[in-house]
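Novice: coords please:
(chains A and B)
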Amino acid sequence: MSGLTRRGGSVRFPLGAAFLVLVLACAATGSAAARSAPRRHTIAIQGFIFRPDSVFVAAGDTLEWVNQDAFDHSATAVDKRFYSGVLVKGAKAVFVPSDTGSYPYRCHLHPTMEGTIVVR
Amino acid sequence: MQNSLARVGAVVCVLASTACATSPRMAEAPRSVGRTERVSDANIAAIVVAANNADISYANIALNKAVSAEVKAFAQRMLADHGGVNKAAVDLVTKLGVTPVESSISLDMRDKSEGIRDRLREKDGADFDREYIDNEIEYHEGLLKAIDETLIPSASNAELRDLLRNTRPAVAAHLEHAKRLRPSVR
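Specialist: Below you'll find the predicted structure:
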């Protein structure tokens, strides 16, 4: 922060620096608040489709699948990172991703059902 | 359409043989199908269960004869999913006081279904896997067409229509699954 202050400079710079500090502090506080308040994303399994089929989330957010079909389904990561188990009608499963990346998944019972989770 | 109806109606006779009374609500106002056949809700109820029974019977053969693990898993899935639809259909017709009613088209269709089972039983090894998956593709294509063009448009009862609409995605997914398996059983 001291690098912002010019030697022999006018009073403007210290004020500008203070303002910048304030802005950065607010941003940092905002980021911290955002990190401390993870969101919940619900993915409905309906009509043999993951709805929505692509979800963009932050690390630490909660993903929840809800099987609304009368048929058994699952949410199974292609890389086996997560597996919901068999979800009967009305069953739910949650996954909280911790690593960023793109994670394709499918229903292992009906492999034509596909979805993707992007963790940013 | 004739082929698809032949397939889905193939087991109607089996069901009809155990049928008792027909619900007045479901038997009313049968509608035209094609140029010669008429399908009532009671007929449709029979066809839904019959179609599932047909695929369950193919799956049971596959569980004993398939050599590919993927084909066996597919057969297991057919058993579970079509069994589930069957249960839903039986629950519905029981609730409505309906039993399946055989239509004239089901008579020659049953023979075809039996013929398919005979053909499957004659095959072994990779030949069986290929025959089974080819039949599954044809079966689900026919069923999908029948659902879209005959069963849903003909259904009068709202719950029966909902059952058909909710079953359609399963049939479409099974068809796509079978098509994806096809290259692996060449």
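Novice: Flag every residue of chain A that's near chain B.
Specialist: A:47-49, A:69-72, A:109-113 (C-beta under 8 Å from any C-beta of the partner chain). Any C-beta I mention is one placed from the backbone N, CA and C, and that applies to glycine too.
Novice: Make JSON lines from the residues you listed and add neighbour count, secondary structure and pLDDT to it.
Specialist: Listed next are the residues of chain A next to chain B as JSON lines, based on neighbours: other C-beta atoms under 10 Å in any protein chain shown; DSSP: H, G, I helix; E, B strand; the rest coil; pLDDT from 0 to 100:
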{"residue": "A:47", "neighbour count": "17", "secondary structure": "coil", "pLDDT": "97"}
{"residue": "A:48", "neighbour count": "20", "secondary structure": "coil", "pLDDT": "97"}
{"residue": "A:49", "neighbour count": "17", "secondary structure": "strand", "pLDDT": "98"}
{"residue": "A:69", "neighbour count": "23", "secondary structure": "coil", "pLDDT": "96"}
{"residue": "A:70", "neighbour count": "17", "secondary structure": "coil", "pLDDT": "94"}
{"residue": "A:71", "neighbour count": "25", "secondary structure": "coil", "pLDDT": "96"}
{"residue": "A:72", "neighbour count": "18", "secondary structure": "coil", "pLDDT": "97"}
{"residue": "A:109", "neighbour count": "20", "secondary structure": "coil", "pLDDT": "97"}
{"residue": "A:110", "neighbour count": "23", "secondary structure": "coil", "pLDDT": "97"}
{"residue": "A:111", "neighbour count": "18", "secondary structure": "coil", "pLDDT": "96"}
{"residue": "A:112", "neighbour count": "17", "secondary structure": "coil", "pLDDT": "96"}
{"residue": "A:113", "neighbour count": "25", "secondary structure": "coil", "pLDDT": "98"}
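Novice: possible to save those as CSV with distance to residue A:90?
Specialist: Shown next, in CSV, are these (distance: C-beta to C-beta, whole Å):
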residue, distance to residue A:90
A:47, 15
A:48, 16
A:49, 17
A:69, 10
A:70, 10
A:71, 12
A:72, 11
A:109, 16
A:110, 18
A:111, 23
A:112, 22
A:113, 18
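Novice: what's the farthest-apart pair in these?
Specialist: A:70 and A:111 (19.2 Å; C-beta to C-beta).
Novice: So which residues of the chain form strands?
Specialist: If you meant another chain, say so; for now it's chain A. A:40-46, A:49-51, A:54-57, A:62-67, A:76-77, A:92-95, A:101-106, A:114-119 (DSSP state E).
Novice: actually it's chain B I care about, not the one you picked
Specialist: B:31-33, B:37-39.
Novice: Pick out the shakiest of those strands, pLDDT-wise.
Specialist: In terms of average pLDDT, strand B:31-33 trails the rest of the strands of chain B, at a mean of 43.
Novice: just checking, what packs against the helix ranked longest in chain B?
Specialist: Longest helix in chain B by number of residues (criterion: DSSP state H): helix B:69-96. With contacts taken as 3 or more C-beta pairs under 8 Å, 6 or more residues apart in numbering or on different chains; DSSP states H and E, helix B:69-96 sits against helix B:24-27, helix B:41-65, helix B:125-146, helix B:158-181.
Novice: from those, which stretch is densest packed?
Specialist: Ranked by mean neighbour count under mean count of other C-beta atoms under 10 Å in any protein chain shown, the helices and strands packed on helix B:69-96 are led by helix B:41-65, which reaches a mean of 25.
Novice: Please state the mean pLDDT value computed over it.
Specialist: 91.
Novice: So, low pLDDT: which residues of chain B?
Specialist: B:1-38, B:104-110 (pLDDT under 70).
Novice: which residues does residue 90 contact?
Specialist: Using chain A. A:66-68 (C-beta atoms under 8 Å, 6 or more residues apart in numbering or on different chains).
Novice: you looked at the wrong chain, it should be chain B
Specialist: Going by C-beta under 8 Å, 6+ apart, the list of residues near residue B:90 reads residue B:49.
Novice: Repeat the analysis, applying 10 Å as the threshold.
Specialist: B:15, B:45, B:48-49, B:52, B:99-100 (C-beta atoms under 10 Å, 6 or more residues apart in numbering or on different chains).
Novice: my guess is residue B:167 meets residue B:151, correct?
Specialist: Yes: counting by C-beta atoms under 10 Å, residue B:167 does reach residue B:151; the two are 9.2 Å apart.
Novice: Give me the common contacts of these two.
Specialist: In contact with both residue B:167 and residue B:151: B:48, B:51, B:143, using C-beta under 10 Å, 6+ apart.
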